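**Student:** predicted model, plus sequence, below.
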Amino acid sequence: MKDEEAVKQMWNVAGEIEAATRAIKYAVETDTTITLISDYQGIQGWATDWKANNPWTQAYAEYARQHENKISEFKFVKGHSKNKWNTYVDELAYKRLSLQEDYGK
C-alpha cells in the first residue's frame with residue numbers, strides 16, 4: 001500500500017492514514033463497525049468524496065471505500081486541543097517515532 005516517495009511528500013499525515021487503515025482492518029477482521037476519530041480531516045475526506053492525488057491517499061481512499069460498511073461514522077477532533085485521547089495517541093506516536101530513530105527501525 002505504501003509508496004515511499006508518496007509518504008515522504010506527506011509525512012505529516014502518513015501516521016493518520018496508517019492508523020485509520022489499521023482501524024478499518026481491525027473492523028474487517030473482527031466483523032465489527034468502528035467510529036474513525038482523527039485530527040486530520042483528510043481521513044474522512046478521502047474515504048468519502050475528496051479526490052486523492054497521491055498513490056498512498058488513493059490506496060487509502062480505495063480501501064476505506066471498499067470497507068465503508070465497517071465505518072459507522074467519522075469524528076473530527078481538533079489536534080493539540082488538550083483532548084484526552086488525541087493527546088494520548090500523539091504521545092504514542094512520538095514514542096514510536098523516537099524508538100525508530102534510536103534503533104534505526
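**Tutor:** All right, it came through fine.

**Student:** ranges for the helices of this structure?
**Tutor:** In the chain, the segments counted as helices under DSSP state H are 4-9, 11-30, 42-48, 55-66, 84-103.

**Student:** quick one, the second one and helix 55-66 angle?
**Tutor:** Here helix 11-30 points in a direction 30 degrees away from that of helix 55-66 (axes from the mean of the first three to the mean of the last three C-alpha atoms, to 10 degrees).

**Student:** go through helix 11-30 and flag the buried ones.
**Tutor:** Going by neighbour count (16 or more other C-beta atoms under 10 Å), the buried part of helix 11-30 is 13, 15-21, 23-24, 27. Glycine gets a C-beta too; all of them are placed from N, C-alpha and C.

**Student:** next one: the third one
**Tutor:** Neighbour counts using 16+ other C-beta under 10 Å place 42-44, 46-47 of helix 42-48 among the buried residues.

**Student:** can you put these in CSV and add distance to Thr87 and pLDDT?
**Tutor:** Listed next are these as CSV, based on distance: C-beta to C-beta, whole Å; pLDDT from 0 to 100:
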residue, distance to Thr87, pLDDT
Gly42, 20, 92
Ile43, 18, 94
Gln44, 21, 95
Trp46, 24, 95
Ala47, 24, 95
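
**Student:** tell me which helix or strand of this structure sits lowest on mean pLDDT?
**Tutor:** Sorted by mean pLDDT, DSSP states H and E, the helices and strands of the chain end with helix 4-9, the least confident at a mean of 63.

**Student:** what about the nearest residue to Glu73 once chain neighbours are set aside, how many neighbours?
**Tutor:** Nearest residue to Glu73, sequence neighbours excluded (C-beta to C-beta, 6 or more residues apart in numbering): Thr35, at 5.1 Å. The number of residues packed near Thr35 is 10, by other C-beta atoms under 10 Å.

**Student:** how about Lys51?
**Tutor:** 9.

**Student:** mind listing what it touches?
**Tutor:** Listed by C-beta atoms under 8 Å, 6 or more residues apart in numbering, the contact set of Lys51 is empty.

**Student:** and the pLDDT for it?
**Tutor:** Per-residue confidence (pLDDT) for Lys51: 93.

**Student:** before we move on, back to that, which one of the buried residues of helix 42-48 sits closest to Asn54?
**Tutor:** Distance to Asn54, by C-beta to C-beta, is smallest for Trp46 among the buried residues of helix 42-48, at 9.6 Å.
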